[in-house]
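Novice: quick one, fold the following:
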Amino acid sequence: SGDAAKLTKLFVIALAILGALAHQDHGSSAMRAYDLRCDAQREPLAVRTTTPLLRWRLEVPDRRRGAGQIGFHVIVERTVVGNSSGNLQSTAIVADSGLLKSTETSWRYTGHPLRARDILRWRVRVLDDTGNTGNWSAPASFRIAPAIDGDTWTAVWIAQSMSATDLSGSTLRTEFTLPQMPSRAILDACGLGQAELRIN
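Specialist: Numbering: from 1, shown residues only. Sure thing, here's the model as predicted:
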């Protein structure tokens, strides 16, 4: 009877270990969103709408046949650039979709109104067809373009002499002085045709 009791105890311990491993495997094999895009672009710096379309792809580690998404949850945060690090720091959540039952791998932004030059960071997690919620995706960011929704464009033209006749291959330059060393900078440009932008 003593041996039987020991065997029973070992059996219970083995079941507990297997259960823990199964739970751990379940978390690692959960469906996950990746390749986050905003209006079909990765990390765009000049989105020309305040209601962009956020889209993602699905990774299914266990390759289970018929696996699919039945819901998702998106969070969008307004950010600022850190003074010294240059990294984005969240200041407020501007959109929280909550858990939406849907097989669509996209969501049209419907949160607080966005402003020109806003820098947003967003993430998504998905609910699979077995009812399991995956981990949050790696965050992605996008920026609303200037001169949109009533914003005033304050730049001036960098131009050649009006008497120039051959403008092919033109190099247009200007100089400016910054009041201090920036931790992060974005160059916005508008012009006719194609241009290759360089700094220094």
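Novice: for the residue nearest in space to the middle of the chain, which residues are in contact?
Specialist: Nearest residue to the geometric centre of the chain (C-alpha atoms, centre = their mean): residue 140, 1.9 Å. The contact partners of residue 140, taken as C-beta atoms under 8 Å, 6 or more residues apart in numbering, are 36, 37, 38, 42, 43, 121, 122, 123. Bear in mind the C-beta positions are built from the backbone N, C-alpha and C, glycine included.
Novice: quick check, the third one in contact with residue 53.
Specialist: Spelled out, it's residue 38. Yes - contact criterion C-beta atoms under 8 Å: residue 38 and residue 53 qualify, at 7.3 Å.
Novice: neighbour count for the two, which is higher?
Specialist: More crowded of residue 38 and residue 53, by other C-beta atoms under 10 Å: residue 38, with 22 against 14.
Novice: against which helices or strands is the strand or helix carrying residue 126 packed?
Specialist: In this structure, residue 126 sits in strand 119-128 according to DSSP states H and E. On a contact count with 3 or more C-beta pairs under 8 Å, 6 or more residues apart in numbering; DSSP states H and E, strand 119-128 meets strand 32-38, strand 53-59, strand 69-81, strand 88-96, strand 140-143.
Novice: pLDDT below threshold where in this protein?
Specialist: Low-confidence segments of the chain, defined by pLDDT under 70: 1-29, 63-64, 82-86, 149-153, 161-169, 192-193.
Novice: tell me how far residue 125 lies from residue 55.
Specialist: Distance of residue 125 to residue 55, given as C-beta to C-beta, to the nearest Å: 15 Å.
Novice: re the thing from before, okay if I get the helices and strands packed on strand 119-128 as TSV plus distance to residue 134?
Specialist: What follows is the helices and strands packed on strand 119-128, written out as TSV (distance: least, C-beta to C-beta, whole Å):
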stretch	distance to residue 134
strand 32-38	5
strand 53-59	9
strand 69-81	9
strand 88-96	17
strand 140-143	16
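Novice: quick one: which of those strands is nearest residue 117?
Specialist: Proximity to residue 117, assessed across the helices and strands packed on strand 119-128 by C-beta to C-beta, is greatest for strand 140-143 (6.9 Å).
Novice: neighbouring strands for the closest one, and are they parallel or not?
Specialist: When pairing is defined by DSSP bridges, strand 140-143 lines up against strand 119-128 (antiparallel).
Novice: and the strand it pairs with, how far from the chain's centre?
Specialist: 7 Å (C-alpha atoms, centre = their mean, to the nearest Å).
Novice: over to stretch 89-108?
Specialist: 11 Å.
Novice: buried stuff in that stretch?
Specialist: For stretch 89-108, a neighbour-count test (16 or more other C-beta atoms under 10 Å) marks 94, 95, 97, 105, 107 as buried.
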